[in-house]
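Undergrad: coords please:
(4 chains)
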2 protein chains.
Amino acid sequence: MPKPGPGLRLLDVARHAGVSLATASRALAGREGVSQEVANRVRQVADDLGYVANPFARTLAGGASPTVGLIVHQIDDPYFSEIAGGVIQLADERRLLVQICHSGRDPGHELRQIRHLIAQRAGVIIIAGSGFGDPGVEAETRTVLAGYQRGGGRVAVIGRHALDADAVLPDNVAGGHALGSHLAELGHRRIAVAAGAAVLNTVADRLAGVAAALRRHGLSPDDVPVVHADFVREGGRLAADRILRDHPDTTAIIALNDAMAMGVLATLRERGIGVPSRMSVAGFDDVSVAADLAPSLTTVRLPMTDMGRTALELALKSAGSRPRRRPTGHRLIVRDSTGLVPSGARLAGEGVE
Amino acid sequence: MPKPGPGLRLLDVARHAGVSLATASRALAGREGVSQEVANRVRQVADDLGYVANPFARTLAGGASPTVGLIVHQIDDPYFSEIAGGVIQLADERRLLVQICHSGRDPGHELRQIRHLIAQRAGVIIIAGSGFGDPGVEAETRTVLAGYQRGGGRVAVIGRHALDADAVLPDNVAGGHALGSHLAELGHRRIAVAAGAAVLNTVADRLAGVAAALRRHGLSPDDVPVVHADFVREGGRLAADRILRDHPDTTAIIALNDAMAMGVLATLRERGIGVPSRMSVAGFDDVSVAADLAPSLTTVRLPMTDMGRTALELALKSAGSRPRRRPTGHRLIVRDSTGLVPSGARLAGEGVE
DNA sequence: CCCGCTTCCGGAAGCGCCTCCACGCCGGGC
DNA sequence: GCCCGGCGTGGAGGCGCTTCCGGAAGCGGG
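TA: Residues are numbered from 1 along each chain as shown, chains lettered A, B, ... in the order given. As a prediction, the model looks like this:
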C-alpha cells in the first residue's frame, strides 16, 4: 500500500504568511489568541496555496477527526443508498469524508464494523437500519458505543430507537396505520402482510401500526396472516407464494418495505394475478423506483435523503449529553397498485392453480 | 469534533512481549529481521490484548493508508450503488475502509474530490463513471492523478478509458451493437436514441455501437435521431418527449442507460402509448429493478458488483507500472419491453395528440 | 514613571508509529 | 585464535499537527 506523496505542510503556509507554526495552526482552527488581521492573512495564504491539513497528523495530535462512519445493511439497497446520499451530501458541504461499511443484516458483523470504525478513529458514527433484537450482541454494542461516546465520539442512528444516541425516527407505527386504514377503507377484509424478520424493530413497528388500523376497522389480528421472510425482494416473492398458498382468498398484501413489495409484484405478475384488479399491493418507504413499477406502487413515503442529512446534522452539533430524537414526516402515496376490493372477492384465489 | 479515547499503544504490546518498540513494529508488519520465535510471541500478545494499530500514527509515519476513496457520480443511482456494493464487499474482506464521495457529474467537483482524497492520504482511489470531456479539467485531473501515483497512490477507473490507470471496462460499443442489432432484427427501422451528454465517453461508446449495428442493417445514421439529455430518469422523460414530438413515426427507443429508459417508459405510460405494442424500449446496465419495471426492460447486463470488486482488486495488486485494462462481460437481456415492429408502424404517432 | 494585566505570538513537547542506523552476538574461514 | 560478515535487536529521529507555556509587547491606573 502506497504512501501518497508529500503535500503542502502547515509549516509552508506559516512561512509564506510570515508567522510561526503555532500561530498558523490557531488561525486555521479559528481559535482564540490570534489577531483578526493575522488570522485573515494566514487563511488567505492557505487558500491561495490550496492547503489541506493532513488529517492523520491532525488526529494524531489530538485534533478533530474529519471522517464519519456510516453503517448500512447493504449499500445497493435503494433505501440505504438514498440515506447514504443524504449523508454524503451534507458531509461534502462540511468537507467531511464518509466511510461506508455493510452490516449485512448481521448483528455480530455490525458490531465488528463499529469496532473497526472506532479503531480508525472516526469522529462520527451513523448507524442506519433496524436493530436485530439479539440481546447479547445488542448489549455489547451498547457498551462499545457508550465507551466511544465517553471518549468524545458522536453517534446517531436512523430508524432504530433502542440505542442510546441521537436518533432520526420515522413514525413507522403511524405509517403502518395509514397503510392499514387505506386498504380497509377500500373495502378489503382479507389482508395479508409480507413482513421482514420479526426481530427488526422497523418491522415490529410497522406491523403494529397495520394491526392497530385493521383492528379499528373491525378486523381481528387473527384474521390477518403475517408472513415473515427476508426484508428484501426475494423475501417478498417467498411471502407472496405462501400467502397465495395458505390464504387464497386474500385481496390485499401489505409489504412492510418496497423491496418486498417488488417481490410480491413479481410473483403476482408471473401468476397472472392482476394488480389491483384481483389483488391490491402496498409497500413502504417510497424508494425512487416505486413510481415506475408495474403497476406503480402505493406506499408510505419516507424522506430518506433528508433522514441521512439530519442524522449527520444531529451528530455534528450533538450539544447536550441527552440524546435527541428527531421524528421524520411520512406520507401515504396512493398510486395504482391498490384499488377497491374486487366485487367478486369471494372468487379470489381461483387463479391459483 | 471528538477525539476518540486512547487505545492500546504498540509500546504496550512491546513491553508485554518483552521486546522493543522497533521489534514489535517489525513483527506485526511481518517484515524481515525478526526471529520467528519473537515474531510469534509478539503477534500472540497483540492478539490477546486486542491491539489495533492507530491508522493515523501509522500513516503519518509513512506506512500504509488503509482507506480507499471511491468517487461516484451519485450514490443513490442504482448503477453506482451496485458498483459501490462490490467495492465495499472486497474492502470488507481486506479490512479496508471505503470513503465515498460524489462527483455530481461535474468535472470540476470531481477534481476537487480527488484532491481532497489525496490530501486525506487515501491509499487507493477508484473513479467510477464516465469522463466529462472537458479538456482543461481532464488534463489537470490527469496531472494530479499522475502525481498521486508517482507518490505510490493507486488509481483504478471504472468505465472510463481516457485516464492513465488500471481500468475496468465494459465493452460499451459491443453492448450498444447488441442492442441495435436486436431492434433491427425485430424489424424496427424507425429507431431513436435517448442519450446522455455527448461528452460522456460511456454515451459516446454505446452510441457508436448502436450506430454501427444499425448501419450494418442498412440504416444510415441520419435516419437515427439521437436526443441528448441528462443521463438520469428525468433526462429520459425529456428525450422521450422530444422524440415523440419530432419523430412521431418512431417505433423503438434505445435509452443508453436504464435510468433514462425508466424515464422513457414513464412518459410513454402517461401518454398511453403501449410498450412494446406500439413502441419498443431498451435500456443499458440492467440495474436490479429493470426486471420489475412495467414492462420489464430489455437491456444489456453489466456486472456492476463485479466491476466494483475487480477495480479494487486491480488497484490493490497493481504491480507493474503499466496500467492494465480489464474488460467485463455483458449480455443482452431480452425482456418484455421490446417486440416486433407493429405491423401498422406507418400509423405510429397517431396517439400523440 | 513603574507595575500588573491583557493580548498576541513563538518555542517546544509530544501524539503513535515506522525505519534508518548502530550495536552485540554468533559462526565460519584464514 | 582472531577477524570479518550476517542476523537479530534496540535507540532515536521524524512524519505534520495541536497545544501548553513562557515571553514580548501594549494598555491603563497608581
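
Undergrad: Any regions of the stretch 1-150 of chain A where pLDDT drops low?
TA: Low-confidence segments of the stretch 1-150 of chain A, defined by pLDDT under 70: A:1-7, A:63-64.

Undergrad: Repeat the analysis, applying 80 as the threshold.
TA: A:1-7, A:50, A:62-66, A:119-121, A:131-133, A:150 (pLDDT under 80).

Undergrad: Break down it into its helices, ranges please.
TA: For the stretch 1-150 of chain A, helices defined by DSSP state H, counting those that start in this stretch occupy the ranges A:10-17, A:21-29, A:36-49, A:55-60, A:78-93, A:107-119, A:135-150.

Undergrad: Am I right that A:Ala213 is in contact with A:Val173?
TA: No: if you go by C-beta atoms under 8 Å, A:Ala213 and A:Val173 don't touch, sitting 9.8 Å apart. C-beta: built from backbone N, CA, C; applies to glycine.

Undergrad: quick revisit: return the most buried member of the helices of the stretch 1-150 of chain A.
TA: Of all the helices of the stretch 1-150 of chain A, helix A:78-93 carries the top mean neighbour count, a mean of 24, counting by mean count of other C-beta atoms under 10 Å in any protein chain shown.

Undergrad: So for A:Ala213 and A:Val173, which residue has more residues nearby?
TA: A:Ala213 (24 against 18; other C-beta atoms under 10 Å in any protein chain shown).

Undergrad: so what pLDDT did that one get?
TA: Note on A:Ala213: pLDDT of 97.

Undergrad: Check the one 4 residues further on too.
TA: Each residue has a pLDDT score; the one for A:His217 is 95.

Undergrad: And the one 3 residues further on, by the same measure?
TA: With respect to pLDDT, A:Ser220 scores 91.

Undergrad: Burial check on it, number of neighbours?
TA: Other residues close to A:Ser220 by other C-beta under 10 Å number 9.

Undergrad: Could you check how far it is from A:Leu214?
TA: To A:Leu214, A:Ser220 is 8 Å away according to C-beta to C-beta, to the nearest Å.

Undergrad: which ones are touching the residue positioned nearest the centre of chain A?
TA: The centre of chain A sits closest to A:Ala128, judged by C-alpha atoms, centre = their mean, with a distance of 4.2 Å. Contact analysis of A:Ala128 by C-beta atoms under 8 Å, 6 or more residues apart in numbering or on different chains lists A:70-73, A:80, A:83-84, A:157-159, A:308, A:311.

Undergrad: A:His161 too?
TA: Residues in contact with A:His161 (C-beta under 8 Å, 6+ apart) are A:167, A:169, A:201, A:325.

Undergrad: Could you tell me which of these are located in strands?
TA: When DSSP state E is applied, those are split such that A:167, A:169, A:325 fall in strands.

Undergrad: Buried by neighbour count, from the residues you listed: which ones?
TA: Listed as buried from those are A:167, A:169; burial here means 16 or more other C-beta atoms under 10 Å in any protein chain shown.

Undergrad: Just give me the least confident of the ones in strands among the contacts of A:His161.
TA: Lowest pLDDT among the ones in strands among the contacts of A:His161: A:Arg325, 89.

Undergrad: circling back: let me know which of the helices of the stretch 1-150 of chain A is the nearest to A:Leu256.
TA: helix A:78-93 (11.7 Å; C-beta to C-beta).

Undergrad: Including distance to DNA strand D, could the ones in strands among the contacts of A:His161 go into a markdown table?
TA: Listed next are these as a markdown table, based on distance: C-beta to the nearest atom of the strand, whole Å:
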| residue | distance to DNA strand D |
| --- | --- |
| A:Ala167 | 29 |
| A:Leu169 | 33 |
| A:Arg325 | 30 |
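
Undergrad: From the ones in strands among the contacts of A:His161, pick the one nearest chain B.
TA: A:Ala167 (18.3 Å; C-beta to the nearest C-beta).

Undergrad: For DNA strand D, what is the nearest residue in the stretch 151-300 of chain A?
TA: A:Gly152 (11.2 Å; C-beta to the nearest atom of the strand).

Undergrad: quick one: secondary structure of that residue?
TA: coil (DSSP: H, G, I helix; E, B strand; the rest coil).
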